[in-house]
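Engineer: Fold the following for me, if possible:
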Amino acid sequence: MKSRIFKFITVTLTLIFFSFTVSAQSDNDAILNEVENPKSYNTFQLVTMDKDLSTFANLVILSGLMESMQFNEGHTLLVPTNEAFDEMTIERFTYLTNPKNLTDLTTFVKNHVLPTEQMMVKFDDNQVISTPDDKEITVSKDSYDNVFISGSKIIKSDIAASNGVIHIVNGVIDPNADVL
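Structural biologist: Sure, this is the predicted structure:
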């Protein structure tokens, strides 16, 4: 009986959390535009300053990686918009946010962090990035020089922070996903 109640509460809270964070949407070009002098903030602080990035910010907090992200120097953060999480099934989101699956959530968040600063022009077509768990994230470019990371398009790039750079993407980063 306790197990059923726990599952019910977990699913209910996840649905509330998911619907709240996905409901805050705006124009992609406006993301982080209201922040004056972004270089005076670290990457995680910047992510928390825009409501359209709140789902990813909350996942970082749940994963326990907030501290390391704030102090890690010279990294690239690939941040999905809240809208990008619409493509994720509610079952997968519920699975990732379940405290029993913290390792998988941590891996999920780490797949959105590159260990070095990488400006958008430095991404190469057919580039392969290795993840900490020995999977691969592919990079591709189309004929208009749009950059796709694991099939997710960079929709706003090169947001410089005090400890790295942020690229906003329109999908979650999924290693070994099909590319363009």
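Engineer: in this protein, which spans are strands?
Structural biologist: Listed in chain order, the strands of the chain (DSSP state E) span 75-80, 113-114, 128-130, 136-141, 147-149, 152-161, 164-169.
Engineer: Need those in CSV (columns: distance to Phe93 and mean pLDDT).
Structural biologist: All C-beta atoms are positioned from the backbone trio N, CA, C, and that covers glycine. Output for the strands of the chain, formatted as CSV (distance: least, Cβ to Cβ, whole Å; pLDDT from 0 to 100):
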stretch, distance to Phe93, mean pLDDT
strand 75-80, 12, 95
strand 113-114, 19, 92
strand 128-130, 24, 88
strand 136-141, 20, 92
strand 147-149, 20, 95
strand 152-161, 16, 95
strand 164-169, 17, 96
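Engineer: Kindly reformat those strands as TSV and extend each row with distance to Met69 and mean neighbour count.
Structural biologist: As requested, the strands of the chain are exported to TSV (distance: least, Cβ to Cβ, whole Å; neighbours: other Cβ atoms under 10 Å):
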stretch	distance to Met69	mean neighbour count
strand 75-80	7	24
strand 113-114	7	21
strand 128-130	18	13
strand 136-141	18	18
strand 147-149	18	24
strand 152-161	10	18
strand 164-169	9	24
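Engineer: For Leu32, find the nearest of those strands.
Structural biologist: Closest approach to Leu32 among the strands of the chain (Cβ to Cβ): strand 152-161, 5.9 Å.
Engineer: Which neighbouring elements make contact with the closest one?
Structural biologist: Using 3 or more Cβ pairs under 8 Å, 6 or more residues apart in numbering; DSSP states H and E, the elements in contact with strand 152-161 are helix 43-48, strand 75-80, strand 147-149, strand 164-169.
Engineer: List the buried residues for stretch 40-53?
Structural biologist: Tyr41, Asn42, Thr43, Phe44, Gln45, Leu46, Val47, Thr48, Asp50, Asp52, Leu53 (16 or more other Cβ atoms under 10 Å).
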